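Visitor: just coords:
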């Protein structure tokens, strides 16, 4: 099984077609896990599955909007039917907002950002919990944000959604710790991804053009693989007693 204990495990990674999600899916596969690559981008998801299979790993792609309950059910069913269960859920998919202050947030922006960044992780988590409980345990890792830790790293909708991810993570950790289920989150700082396009990406990457004045506090921009390493650690046996933790992966930005 190795140090991580991930070999043979069934893992769902959302937002897995690019950025942090892609790096995470590849990292889990390299550890011997079987990966459900879930994303809105069908071609991107297919490419990730191809890369995993070319390296000798096992993966399947599921395409759809994870804010749709029917898509969530399909992702979970794919993991159960193809790989026999669900050992790890990585709630990674998300979108950025327009950096709007509260008075400028439209209903449409609010509903879209909250639905994708917070409701979708809730729906997925609720759907996988019965399978994890039946199996006697599991690990849930969510991608929060530097915007989960402060009020100045994004607009109102994104900030609220990512604060909500922390609440979901901590509630899960407390309510299911005696059931063998651990819930943790990473809070990435600036990371090289394409979230600014507003598609399905790893909603954590704020580039220099977006952050402007935050750049002095951000420090070095990280690579997606650095975020993936933290996610895989939190899901692994190496973190067997780590529960309810929000881990900044931000080169010290949270310490400023």
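Guide: Cool, got the structure. Just so you know, these numbers come straight off a predicted model, no measurement behind them.

Visitor: help me confirm that residue 100 is found in a helix?
Guide: No - assessed with DSSP: H, G, I helix; E, B strand; the rest coil, residue 100 is coil; it does not lie in a helix.

Visitor: mind giving me the packing neighbours of the biggest helix by length in the chain?
Guide: Counting residues, the longest helix found in the chain (DSSP state H) is helix 156-176. For helix 156-176, the packing partners by 3 or more C-beta pairs under 8 Å, 6 or more residues apart in numbering; DSSP states H and E come out as helix 107-114, helix 120-135, strand 138-143, strand 181-188, strand 246-249. Where you see a C-beta, it was placed from the backbone N, CA and C, and this is true even at glycine.

Visitor: hmm, try it at 7 Å
Guide: Using 3 or more C-beta pairs under 7 Å, 6 or more residues apart in numbering; DSSP states H and E, the elements in contact with helix 156-176 are helix 107-114, helix 120-135, strand 138-143, strand 181-188.

Visitor: tell me the mean pLDDT for the longest one?
Guide: Same thing as helix 120-135. Per-region confidence: helix 120-135 scores 98 on mean pLDDT.

Visitor: which parts of that helix are buried?
Guide: 120, 121, 123, 124, 125, 127, 128, 129, 131, 132 (16 or more other C-beta atoms under 10 Å).

Visitor: quick one: contacts for residue 242?
Guide: Residues near residue 242 by C-beta atoms under 7 Å, 6 or more residues apart in numbering: 182, 184, 234.

Visitor: off-centre distance for stretch 186-195?
Guide: Remark: stretch 186-195 is offset 11 Å from the chain centroid, using C-alpha atoms, centre = their mean, to the nearest Å.

Visitor: one step back: any idea of the angle the longest helix of the chain forms with helix 120-135?
Guide: Interaxial angle of helix 156-176 relative to helix 120-135 (axes from the mean of the first three to the mean of the last three C-alpha atoms, to 10 degrees): 10 degrees.
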